[in-house]
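# Please find the sequence and the predicted model below.
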Amino acid sequence: MAYPPSIGALKVYGENGQELDPTSTRHRIVEAFVHLALCLLETEEGQNSLAEVATTIIKEREGTSGTRSWRPRHIYRDSLANMPYWIRVFLRTAGHLEVSQAIISNMTYVRQHPEDAADAYDLFKFQMAITVAHEIVHMLTGFITGTSLPDTPPNVNVKPYIKKYGKGVQGEAGRYWESIILGGFVEFWSVPNHPLGMQQAGEPYLFLPGEKETAQGREVSRTYIKIFLREDFTSPIRPSSQSIKITRKCLEKEQKRKETSYLRSSAASRQAEGANSPPAAHPSAELTARFRRINLDADYGYAQLEGPSRGYFYR
């Protein structure tokens, strides 16, 4: 497994603040999928998708798109035409995110037991790259609004609007971004009686926007995932040619599956026995990653746009 050298100042911490050894498996696993997520966002299509999200947020906050009853502030002072420039600035700022201990433990286990895991590691890495990219989109909201915990305008969401994907009158920028660049939403669903049990990656599905229970999805092509992991990104995500359309309701009620996030709930994870998986009190039981891209290949001049003074970003 090759580990990327291109994430500047990457540091991974345990719950108690202790930094993990950069040569450790757990650190390198985090490094690999954070790198992949940034590579996805740094493509031309990735940057365009971020610019679309940011522009929509600003228009909504200014009330220029018809939602005048929802007008919190933002700190963007440049022309919207220059948004691609500020997306490049954003992608080279520092970031802070928290990573599920359970997923890293599962990824560590399948790396150590390839005879039991088949393509589980690749599936986990694909899932985590998209998950991290999704979270970076939320960081973008903070970057342009000047706050670490920004509210997202309600129209920055999947269409048609799905209340469960947002909280109250707030939107969901991450889901909005997924619908733009992925063509839907990637979810992993468990396989009953899987030999890895609760440590399985599950099977990846791409669901189209729509009502939660009735929106249709198809299993993602494994060939597509292999190509994706080689940093050859194409959009939208390609479903398997052998897959059939299915709903979440069918997966859950008829096939007795669960979205794998359930398997990684704290209660369920405590029942899983993983090789070299740390106990709850171990420093790496919950991981925090801080990173910065170091390829500063542009002269940004003076900053008309400041990042938040606290929270996700710092200069």
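Noted; the coordinates are in hand. Keep in mind that what you see is a predicted model, and the values were worked out from it rather than measured. Residues are numbered from 1 along each chain as shown.
# residue ranges with poor pLDDT in the stretch 51-200 of the chain?
64-73, 159-169 (pLDDT under 70).
# Please enumerate the helices of it.
Per DSSP state H, counting those that start in this stretch, the stretch 51-200 of the chain carries helices over the ranges 83-90, 101-112, 114-117, 120-145, 173-181.
# Going along the chain, name the strands of the stretch 151-300 of the chain.
In the stretch 151-300 of the chain, the strands defined using DSSP state E, counting those that start in this stretch lie at 185-189, 203-207, 216-219, 246-247, 287-293.
# Who are the packing partners of the first one?
The one in question is strand 185-189. Counting contacts by 3 or more Cβ pairs under 8 Å, 6 or more residues apart in numbering; DSSP states H and E, strand 185-189 packs against helix 120-145, helix 173-181, strand 203-207, helix 260-263. From N, CA and C alone the C-beta is placed, and that goes for glycine too.
# Quick check: the gap between Leu140 and Glu42.
As judged by Cβ to Cβ, to the nearest Å, Leu140 and Glu42 stand 13 Å apart.
# err, Arg248, not the other one
Counting by Cβ to Cβ, the gap from Arg248 to Glu42 is 32 Å.
# out of the strands of the stretch 151-300 of the chain, which comes closest to Leu50?
Nearest of the strands of the stretch 151-300 of the chain to Leu50, taken as Cβ to Cβ: strand 287-293 at 13.9 Å.
# What is that closest one packed up against?
Secondary-structure packing of strand 287-293 (3+ Cβ pairs under 8 Å, 6+ apart): strand 7-13, helix 25-42, strand 94-99.
# Given it, what are its sheet partners and their directions?
Counting by DSSP bridges, the strands paired with strand 287-293 are strand 7-13 (antiparallel), strand 94-99 (antiparallel).
# Spatially central residue in the protein, please.
Centroid check for the chain by Cα atoms, centre = their mean gives Thr131 as the closest residue, at 2.0 Å.
# Pipe the helices of the stretch 51-200 of the chain into a markdown table and attach distance to Arg238 per row.
Listed next are the helices of the stretch 51-200 of the chain as a markdown table, based on distance: least, Cβ to Cβ, whole Å:
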| stretch | distance to Arg238 |
| --- | --- |
| helix 83-90 | 26 |
| helix 101-112 | 24 |
| helix 114-117 | 24 |
| helix 120-145 | 13 |
| helix 173-181 | 13 |
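# Of those helices, which is nearest Glu19?
For the helices of the stretch 51-200 of the chain, the distance to Glu19 is smallest for helix 101-112, at 15.0 Å, taking Cβ to Cβ.
# Just give me how far the closest one sits from the chain centre.
Taking Cα atoms, centre = their mean, to the nearest Å, the mean C-alpha location of helix 101-112 is offset from the chain mean by 18 Å.
# deepest of the strands of the stretch 151-300 of the chain, which one?
Counting by mean count of other Cβ atoms under 10 Å, strand 203-207 has the highest mean neighbour count of the strands of the stretch 151-300 of the chain, with a mean of 22.
# quick one: contacts of that strand?
Outside strand 203-207, the residues that touch it by Cβ atoms under 8 Å, 6 or more residues apart in numbering are 123, 126-127, 182-189, 191, 215-220, 225, 236-237, 239, 246, 248, 251.
# Off-centre distance for stretch 139-147?
For stretch 139-147, the distance to the chain centre is 16 Å (Cα atoms, centre = their mean).
# Kindly check the end-to-end length of stretch 235-254 for me.
31 Å (Cα to Cα, to the nearest Å).
# For that stretch, buried residues please.
Across stretch 235-254, burial judged by 16 or more other Cβ atoms under 10 Å covers Ile237, Arg238, Pro239, Ser240, Ile246, Thr247, Arg248, Leu251.
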